[in-house]
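1. sequence first, then the predicted structure:
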Amino acid sequence: MATITGVIPRPTTYAGVWGWMTTIDHKRIGILYGLTAFAFMLLAGLEAGVIRMQLVSAENDLLGPARFNQMFTMHATVMVFMVIMPLSASFFNFIVPLAIGARDVAFPRLNALSYWLFLFGALLMHVSFLVDQVPDAGWFSYANLTEKPFSPNRALDFWAIGLLILGTSSVAAALNFVVTIVNMRAPGMSMMRLPVFVWMTLITSLLLVLAFPVITVGLIELTMDRNFGTHFFIPSEGGDPILWQHLFWVFGHPEVYILILPPMGIVSEVLPTFSGKPLFGYPFIVFSGIVIGIMGWAVWSHHMFTVGLGPVANSVFTITTMLIAVPTGVKIFNWIGTMWRGAVEFTTSMMFALGFVALFIVGGLSGISHAISPSDFQQQDTYYIVAHIHYVLFGGSIFGIFAGVYYWFPKITGRMLDETLGKINFWLLFIGMNLTFFPMHFLGLNGMPRRIYTYSAEFGWENLNRLASLGYIVLFVGFLFFMYNMWQSRKSRPAGHDPWDAPGLEWSISSPPPVYNFAEIPQVEGRDQYWIMKAKAEAAGTPLTEPEALIDVNTVHMPSPSYWPIVTAAGVALIGGGLLSHYAISFLGGAITMMGVIAWSNEPTVAPSDQH
Amino acid sequence: MQSTSNSNRPTGRRSSLKKRTVMFGLLAALFLFVVGCSKDGMSTWEAFGPVAQLQLDLFNVTMWLMVIVFFLVEGVLLYAIIRYRKRPGQPKPTQIHGNNTLEIVLTIVPTILVLGLGIWSVFILFEIDAPPEGSDPLHVNVTAHQWWFEFEYPDAGNGKKIITANEMRIPVDRPITLSLFSDDVIHSFWVPKLAGKLDMVPTHENKMWIQADSDKIDEDLPVTLFGQCAELCGIAHALMRFRVTVMEQADFDSWAAGYSEPPAITDKAKKGKQIFAANCTLCHTIDGPDDPALSASRLKGFLTGADITPVPAPNLTDLRTRQTLAAGLMDLTETNLRAWLHDPDGIKPGNYMAARAVLYQGGTVTLDEDQIDALIGYLLDLR
């Protein structure tokens, strides 16, 4: 088999479509992640629009229950697995190696594989639209509604197999970042000198590596139940549908932190930069992140307070959930402390970061009210929960990600985003977000269950629903401004290497960064290394105004591009596609995967033409 | 939000403008709050029983505490960004890295707050777990089906067993213990005015209790409360509703005593009775509690999933005494019943009557208008 690589040498082109398809450059992969996830965000946003249109009035029959169930299922599944996670992954990819002074991630080809698995898994799940068998059991797809007698078509197989592939992608990426952060830090960058964003990436990656196997087990059991006659979750055959809930939420609660810790990391970079002060209480922010990462494993049953686990189990999970509010609160105090006596500069990035803090407080407080299990019995599965998750995931995660986009866009593209457009963008999203989701607190407390496609006028839910749908329109316009801002940046002014006077190492090199990142691996002397370097230069009377000088690419040893990540990922996607159509395709996919892996392992580290 | 005196800042008009903005914001929030909270049928802001009352009290305390924390923290945040905003020519701020005493205080204070609330809720959890000792509860078995509720009173009084559907009658001021079951997928039992929800899990019995207190209900009895399934259970989940009628014990007793007494029926209805017997009795029982063996065979037919097998269906005994049809979806009137018999799938998409009954296999009902008239006559004659 070793001959395979003998006849197919490593690709040498860095340009054009082939260049992107065979790239193993962490920066390009980061951009691919970002663009793909943004496309899925638009899709899931449109699904949300359909939901809001259906609910705009009582007894509305625009959509019908079947489509409605598909819409909210796909909206949430896409937003969680194909938008927020890959958007975070986009920043992990682009920023982490730069922020720790490395030239790439530890396993560049594995990194490419993660991206292609993500893309193909996501596309595979969306094939369900083409055959009109769209997943419709909610994003946590409670058994045994998901079993054959109640969901006879292929919809939930698309869901389960799509998620299995996405999970593979996430675990591979997470392993890569754990190894990268632990091993590839520049000399002098001890763990307690890591930028907080990198810390949060590390914690998130560890959570991913530990949490995804749990859902993988659940998804495989579900697939087995549906296709091969097992009875894991079928009560009439001795299975237990509650087992699914435990498996899902043992994964699902750490997943919540997987979604929120990276944006918390972003905000912890943005706030100090635009306050002109280092992060307040760095060790407390880091340790609270670690504590959240550990305690996140001990609270899963608060999603199951109404399942009937009994008062003893509910008490335990009430107390653990109440306690997890503390490290989150610590972070908020420290962010405010960072701005205290600083020089707060209202750039768009900073406004999104402030929006994150302001809105996350609301989500955190409503979270405390869910933790109180007796009153949660009234709130569970109502719009009060919907309001809460959108305050933490939209007001939290998405606002944090927007802060990151406005912050790092100049570094990624070398161009500035327009600040006026950015501020319009911010205010529309801020107002639209509150208009859409704040009324949902009241809807829930007024008794509106989630996941109902219609409601009768007598319950008085119509006006608040109208308000929420109006908010959606504002959000929609906000996104248009964002897209226009991205588009017009083609011609906007060059950013320079350090437009924000920022503390991170990534700002010491030119924008966009050269392929090799750092001409010379930096020697790190403390936290906020680039501030240290600038202060030293200033004190010496030679202020740093230029980025690190460029060097000849050919003098730097960089790994060459490779065909095999995309081939292997395509093979894996075919295995999944075969399970959904004809098993022969799975065997073909298996063969391609095998070939990809073998060719990959025999590939020389650099192409002959790239050797020097 | 008041700014401290600072040399390069205009005061007077601007700060009063700011004050007005803040006042406006507070008023808007208050307005939204007043408008936002309703006491309509499903609202949790009104409690008619001790369980819901304890839950509401706990929520109210939590909510107001959270409101205070909200204004405190957001206030400090706003103050910080206004007071410490960057001013032209400002020197680089002092580089502070932290303050351990402050950190410890700001960790311990919230810990005490949340632990206090947590421990209180644990006490409430155990308090609402079972009815007070020494009370004389009425027991009801509730079974959820896709997409309707079945209520079984093993002993509604004098040993009488009652099975009915989608409308539960309960005597006032008396604890009702509920055993919750499901025949198919997970559902959730929720009557917001009486108690928070509890899931109905197949092969797993869940127990809760509810009670309606006469001193908490302003209106004259009987009073009808709304309930709805609160766990996604398939295509007609949104339309899986039910009612709870709270009545005086005496009224409840006379209802129970009269249950399934053969009604006097008109001649037209006699024809309807034959049509019912020929077309509907595979799934619907109409003369008292369902025979357990029959129920079991219906369930088996349902779970095997074959077409045109009997499935569990609402018990129609004494249908006339009910207020609604199609799982609390609409009022029980002749017009609505006719519409339902003509096109059940149009009214409640996905329901199993349209899907499984022989009558509907051709897409429309195979009865003619006279037969439907007779059938309606019969069904509405049932007391």
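-> Yep, that arrived.

2. skip the chain neighbours and tell me the closest residue to the residue of the stretch 51-200 of chain B found nearest chain A.
-> Proximity of the stretch 51-200 of chain B to chain A (CB to the nearest CB) peaks at residue B:196, 2.3 Å away. The way it works is simple: take the backbone N, C-alpha and C, and place the C-beta from them, glycine included. Computed as CB to CB, 6 or more residues apart in numbering or on different chains, the closest residue to residue B:196 that is not its neighbour in sequence is residue A:377, at 2.3 Å.

3. about what we covered before: name the element the residue of the stretch 51-200 of chain B closest to chain A belongs to?
-> strand B:195-200 (DSSP states H and E).

4. ok, back up a step: hmm, the residue nearest to residue B:196 is touching residue B:192, no?
-> No - the pair residue A:377 / residue B:192 is not scored as a contact, 10.0 Å apart, by CB atoms under 8 Å.

5. those two: which has the busier surroundings?
-> Of the pair residue A:377 and residue B:192, residue B:192 is the one with more neighbours under other CB atoms under 10 Å in any protein chain shown, namely 31 against 25.

6. list the residues that contact that one.
-> Residues near residue B:192 by CB atoms under 8 Å, 6 or more residues apart in numbering or on different chains: A:378, A:447, B:42-44, B:52, B:226-227.

7. quick one, strands of chain A?
-> Counting by DSSP state E, no segments of chain A form strands.

8. pick out the residue nearest the middle of it.
-> The residue lying closest to the centre of chain A (CA atoms, centre = their mean) is residue A:85, at 1.8 Å.

9. what distance do you get for it to residue B:199?
-> With the distance defined as CB to CB, to the nearest Å, residue A:85 ends up 29 Å from residue B:199.

10. if we can go back for a sec, my read: the residue nearest to the centre of chain A touches residue A:258, true?
-> Yes - with contact defined as CB under 8 Å, residue A:85 and residue A:258 form a contacting pair (6.8 Å).

11. the closest residue to residue A:169 other than its chain neighbours: how many residues sit nearby?
-> Distances taken as CB to CB, 6+ apart put residue A:117 closest to residue A:169, at 3.6 Å, once the chain neighbours are dropped. Neighbours of residue A:117 under the rule other CB under 10 Å: 26.

12. just to check, residue A:117 is in contact with residue A:171?
-> No - Residue A:117 is beyond contact range of residue A:171, at 9.8 Å (criterion: CB under 8 Å).

13. what pLDDT does the closest residue to chain A within the stretch 251-383 of chain B get?
-> Relative to chain A, the nearest point of the stretch 251-383 of chain B is residue B:305 (4.9 Å; CB to the nearest CB). Model confidence at residue B:305, given as pLDDT, is 71.

14. and it, what is it in contact with?
-> Contact partners of residue B:305, counting by CB under 8 Å, 6+ apart, are A:149, A:152.

15. can you do 7 Å?
-> By CB atoms under 7 Å, 6 or more residues apart in numbering or on different chains, the contact set of residue B:305 is residue A:149.

16. would you list every one of the strands in chain B?
-> Using DSSP E, the strands of chain B run over B:138-145, B:148-153, B:162-165, B:167-171, B:176-182, B:187-191, B:195-200, B:206-210, B:223-228, B:241-247, B:324-325, B:330-331.

17. just put the ones you listed in JSON lines and tack on mean neighbour count and distance to residue A:487.
-> Output for the strands of chain B, formatted as JSON lines (neighbours: other CB atoms under 10 Å in any protein chain shown; distance: least, CB to CB, whole Å):
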{"stretch": "strand B:138-145", "mean neighbour count": "21", "distance to residue A:487": "52"}
{"stretch": "strand B:148-153", "mean neighbour count": "23", "distance to residue A:487": "53"}
{"stretch": "strand B:162-165", "mean neighbour count": "24", "distance to residue A:487": "59"}
{"stretch": "strand B:167-171", "mean neighbour count": "23", "distance to residue A:487": "59"}
{"stretch": "strand B:176-182", "mean neighbour count": "21", "distance to residue A:487": "52"}
{"stretch": "strand B:187-191", "mean neighbour count": "28", "distance to residue A:487": "47"}
{"stretch": "strand B:195-200", "mean neighbour count": "28", "distance to residue A:487": "47"}
{"stretch": "strand B:206-210", "mean neighbour count": "21", "distance to residue A:487": "55"}
{"stretch": "strand B:223-228", "mean neighbour count": "21", "distance to residue A:487": "46"}
{"stretch": "strand B:241-247", "mean neighbour count": "22", "distance to residue A:487": "48"}
{"stretch": "strand B:324-325", "mean neighbour count": "21", "distance to residue A:487": "55"}
{"stretch": "strand B:330-331", "mean neighbour count": "16", "distance to residue A:487": "51"}
